[in-house]
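In: A structural model of the following input is requested.
(one chain, ligands or ions: 1)
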Amino acid sequence: MTEKKDFDPASPVGVFDSGMGGISVLREMVRLMPHEDFIYFGDSANAPYGIKKEEEIRELTVTHVTRLLEEGCKGICVACNTATSAAVRVMRGMWPDLPLVGVEPAVKPAVLSMDHPKVLVLATPATVRQEKLHALIARYEDDADITAVPCPGLMEFVERGETSGPVLASFLSELLGEYVSAGVDAIVLGCTHYPFVRDSLASLFGESVRIFDGGEGSARRMRVLLDEADLITPSTAQGHVTFYNSVNSSDKISLCRRLLKM
Ligand code: DGL
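Out: Purely as a prediction, here's the structure:
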């Protein structure tokens, strides 16, 4: 077990996702904590996680987070809704002193944004299956009309770096067209890949639909945990972001950098 005394304020924060999606959370953390260093690991070789069994998602997540801790990370953000639901509870048991943040679909702010809104939660098939999302939706069922929609195939666009264009637009229209006709007030991005296709979703649903993303909330939570554990970096210089991916190609790393700037 890793003890609190093992963590060093000068060490990087580790960020994990099944692929490129967690960069939408990383960019919020960089904005909020510009002096911190970050190590981002994307497991694109095993993506998508959202169509795997819970057990396999948990094993992969624990393996990769263990490696980030071996690299010396002082805190971990599991920047993947699918991996958070499958593995974060187990990891809190394994490393009770570790500042550990997961991500959760921003259902609450979407529900509170207006009186009894029609809300769509877009997520991976695994997240839509998991009890965690059902419990979250059940909490607000009297205050909104909430529908969780699995979006198999959508994260792959982001993995390819295809964050706009006619092919994506027609994929979204085929997947979500029935909800556009029925009318929607708010969309919750329940997968960290989806903020990168936000503009295409806004074009499909129209400008009046409000889109909610939980990335900023997770970044804030990480800062609170680091602060409580006295682990905020003493550095006042601009921090560094180091990218690793299980698909070890320079194209993947360039795409990571491009997504971070988006
Ligand atoms: N980015 C991940 C999430 O937030 C999942 C994508 C996948 O691997 O299916 O759920």
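In: CA only for contacts and neighbour counts going forward, please
Out: Noted.
In: name the nearest residue to Leu69, sequence neighbours excluded.
Out: Gly14 (7.7 Å; C-alpha to C-alpha, 6 or more residues apart in numbering).
In: isn't there a strand covering that neighbour?
Out: Yes - counting by DSSP: H, G, I helix; E, B strand; the rest coil, Gly14 is found in a strand.
In: how near is Met155 to Thr82?
Out: 12 Å (C-alpha to C-alpha, to the nearest Å).
In: out of the two, which sits in the busier spot?
Out: When Met155 and Thr82 are compared for neighbours, Thr82 comes out ahead with 34 against 27, by other C-alpha atoms under 10 Å.
In: measure that one to His64 for me?
Out: 14 Å.
In: of all residues in the stretch 101-250 of the chain, which one is closest to the ligand?
Out: Going by C-alpha to the nearest ligand atom, the ligand is nearest to Cys191 of the stretch 101-250 of the chain, at 3.3 Å.
In: phi first, then psi, for that residue.
Out: Here is the backbone geometry of Cys191 (degrees, to the nearest 10): phi -140, psi 140.
In: if we can go back for a sec, who's the residue nearest to Leu69 bridged to?
Out: Residues in a beta bridge with Gly14, per DSSP bridges, are Ile39, Ile76.
In: contact partners for the most centrally placed residue in the chain?
Out: Centroid check for the chain by C-alpha atoms, centre = their mean gives Thr192 as the closest residue, at 3.3 Å. By C-alpha atoms under 8 Å, 6 or more residues apart in numbering, the residues touching Thr192 are 21-25, 79-81, 215.
In: A helix includes it, no?
Out: No - applying three-state DSSP, one finds Thr192 to be coil, outside a helix.
In: out of everything not next to it in sequence, what's closest to it?
Out: Thr192 sits nearest to Gly21 (C-alpha to C-alpha, 6+ apart), 4.7 Å away.
In: and the one you found, which of the three is it?
Out: From three-state DSSP, the assignment for Gly21 is coil.
In: isn't it right next to Glu156, touching?
Out: No - between Gly21 and Glu156 there is no contact, the gap being 10.0 Å when judged by C-alpha atoms under 8 Å.
In: so which elements touch the strand or helix carrying Leu26?
Out: Under the criterion of DSSP states H and E, Leu26 resides in helix 23-32. Using 3 or more C-alpha pairs under 8 Å, 6 or more residues apart in numbering; DSSP states H and E, the elements in contact with helix 23-32 are helix 215-228, helix 250-261.
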